[in-house]
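Engineer: quick one: sequence plus predicted model below, questions after.
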Amino acid sequence: MRISTFMRPVKGETRREHSLPMGLDTSAWPEEIPIFPDVIYDVLDEAGDRVGEAAGEQLDYLVRAGRKLPLHTFIDVFSEGLVVVDADGRICLANSAYSRIIGVPLRVILGKNMYVIEPDAQLLSVLREGKPMERERSLVKSVGKMVSMRMYPLLQDGRTVGAYSIFKDVTELHKLGQEVRRITGVAQEYISQVNLKNELEYLQIKTRSPRYRNLISQAITAAGTDAAILVNGENGSGKEMFTKLIHANSPRKNKPFIAVNCAAIPESLIESELFGYENGAFTGAKKGGKIGKFQLAEGGTLFLDEVGDMPLLMQTKLLRALQEGEIERVGGEKTISVDVRIISATNQPLAEMIRDKRFREDLYYRLNVISFTIPPLRERREDIMLLTNQFLQRLNKKYGKNVSLSESVFELLIAYDWPGNVRELQNCVEACVVMSSSDLVTPDTLPGSLFRQIKAECRDFPGGRNNPDPSQTAAPRHFGTLKEETERFERQVISAVLEQYGGDQQAALRHLGISRRTLFRKK
């Protein structure tokens, strides 16, 4: 395709009209056409209107230079692609790199309208708005390539008469970046799991429960902030250990961790315990006064255990301290700035206590920015054997013994509901180690009180809740075929695991290692 550019000498009688190749390639000017160095030439468009002028000397130089140093050879050595569009969006110039990157020959590209072949091309935005633009990553939808580009308008007399783009193919780099990000994500997940394992081992937290491990992972994420955390859970479920895990993974880990049991401190002393007191503040006060828990925890973490048992008057003073970041010692007249991270824990139903006016609602929301609920031991029975072995190892070393538990004892421990949670399990194992006269503990040699308790509470223990009449246990049982008995047992296991996870089928499937189809087939 060619365009016609008309040039004529201003002086002289002869008008010369010549057809020039499209674009800026002056090397294609026919040699038989003379150029007069001392003549000024008008430059006319195809309609014959004057659009500029060119001195013959300059034109002669450009033509000769173009023949020696042709423009297309320069733009074709660029590794970057170059494309130029006119004011209408038609491609009037492109180099070989552009053709190579988009995978289309130049003869097919030239003259095509960008609005048709790539209507979403950002070069068209530059053409419309007349403003430069850069993009590190941009998808060329028509060919599915990712490119990095710099785009500029072509201006003439303040008008945008075209635009051009210089770009390079970064498709492989983009794919590599995606793979690097994927691998980085895998590596980070692996590192996170390793860190979690190390932290659990350091704090002696043992678990096989997916639910509990997920809870710990969330806690480590929250640890990186200063947000207040409320830990809910039954007595003995390990709330303080969980809190220490958060502190150990926080930016404050090298600062103090101070725990306060709000239920164990008399109401008359809790203020002085938290905030401290001045010399002579009250009868019996220590000479010189005393630093409170807030100041002891400066820069670190203050753990308020059993916060639901805090008196209402003290709740008001605690709220003020949290809001202002300042405390005032008992008997003191000046405020003291404190910087502590608050983690609180309770086994109380705080929402009900708020309705009964026994707990301040504003304090509740101040403490409960992030909340975690520790599952009781009966909801993570897979951890019972793990914890039991951990306690056995530690307590055998403490008491210089080598006690182990029989398989039937383990079955009893796993079946028991453990209303006292991990603390009760630890006490049970310690009683076995201390009271056992042999190296093997069997159901018959369990400590008497423990034996009676498990016997009364255990679902599957003869004489227990689900089998109250021991005489009935002696009745012969009629078994079905092996297939029937196997299917019955599988249904029992599936039902028990579903109950353990509160009906969460996904969690149950992961625990059992079966597919959803198998679950429905065997239920």
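Structural biologist: Alright, I've got the coordinates. Numbers count the residues shown, from 1 in each chain.

Engineer: CA atoms for contacts and neighbours, from now on please.
Structural biologist: OK.

Engineer: so what touches the helix or strand containing Arg366?
Structural biologist: Using DSSP states H and E, the element containing Arg366 is helix 361-367. Identification of contacts with helix 361-367 by CA atoms under 8 Å, 6 or more residues apart in numbering yields Ala228, Ile229, Leu230, Gln315, Thr316, Leu319, Leu322, Ile342, Ile343, Ser344, Leu350, Ile354.

Engineer: tell me the buried residues within those.
Structural biologist: Ala228, Ile229, Leu230, Gln315, Leu319, Leu322, Ile342, Ile343, Ser344, Leu350 (16 or more other CA atoms under 10 Å).

Engineer: now compare the residues you listed and name the two farthest from each other.
Structural biologist: Within those, two members stand farthest from each other by CA to CA: Leu322 and Leu350, at 18.5 Å.

Engineer: mind putting the contacts of helix 361-367 into JSON lines with secondary structure?
Structural biologist: Output for those, formatted as JSON lines (DSSP: H, G, I helix; E, B strand; the rest coil):
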{"residue": "Ala228", "secondary structure": "coil"}
{"residue": "Ile229", "secondary structure": "strand"}
{"residue": "Leu230", "secondary structure": "strand"}
{"residue": "Gln315", "secondary structure": "helix"}
{"residue": "Thr316", "secondary structure": "helix"}
{"residue": "Leu319", "secondary structure": "helix"}
{"residue": "Leu322", "secondary structure": "helix"}
{"residue": "Ile342", "secondary structure": "strand"}
{"residue": "Ile343", "secondary structure": "strand"}
{"residue": "Ser344", "secondary structure": "strand"}
{"residue": "Leu350", "secondary structure": "helix"}
{"residue": "Ile354", "secondary structure": "helix"}
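
Engineer: pick out the most distant pair among these.
Structural biologist: Ile342 and Ile354 (20.1 Å).

Engineer: where do the helices sit along the stretch 201-350 of the chain?
Structural biologist: Taking DSSP state H, counting those that start in this stretch, the helices of the stretch 201-350 of the chain run over residues 210-223, 239-248, 270-275, 293-296, 312-324, 350-355.

Engineer: figure out which of those is closest to Val39.
Structural biologist: Closest of the helices of the stretch 201-350 of the chain to Val39 is helix 210-223, at 79.0 Å (criterion: CA to CA).

Engineer: tell me the buried residues in the closest one?
Structural biologist: Arg211, Tyr212, Arg213, Leu215, Ile216, Ser217, Ala219, Ile220, Ala222, Ala223.

Engineer: next one: Phe303 from Phe242, what distance?
Structural biologist: As for Phe303, its distance to Phe242 is 11 Å (criterion: CA to CA, to the nearest Å).

Engineer: tell me how this protein divides into domains.
Structural biologist: Listed domain ranges for the chain are 2-71, 78-169, 170-199, 203-375, 378-474, 482-522 (source: automatic domain parsing).

Engineer: avg pLDDT for the shortest one?
Structural biologist: Rounded to a whole number, the mean pLDDT of domain 170-199 is 57.

Engineer: got it, and the last one?
Structural biologist: Domain 482-522 shows an average pLDDT of 74 in the prediction.

Engineer: just the longest one next, same as before
Structural biologist: Mean per-residue pLDDT for domain 203-375: 88.

Engineer: now the helices of the stretch 201-350 of the chain in a markdown table, with distance to Arg516?
Structural biologist: Shown next, in a markdown table, are the helices of the stretch 201-350 of the chain (distance: least, CA to CA, whole Å):
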| stretch | distance to Arg516 |
| --- | --- |
| helix 210-223 | 18 |
| helix 239-248 | 33 |
| helix 270-275 | 53 |
| helix 293-296 | 52 |
| helix 312-324 | 49 |
| helix 350-355 | 37 |
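
Engineer: out of those helices, nearest to Ile258?
Structural biologist: Across the helices of the stretch 201-350 of the chain, closest to Ile258 is helix 293-296 (CA to CA), at 6.8 Å.
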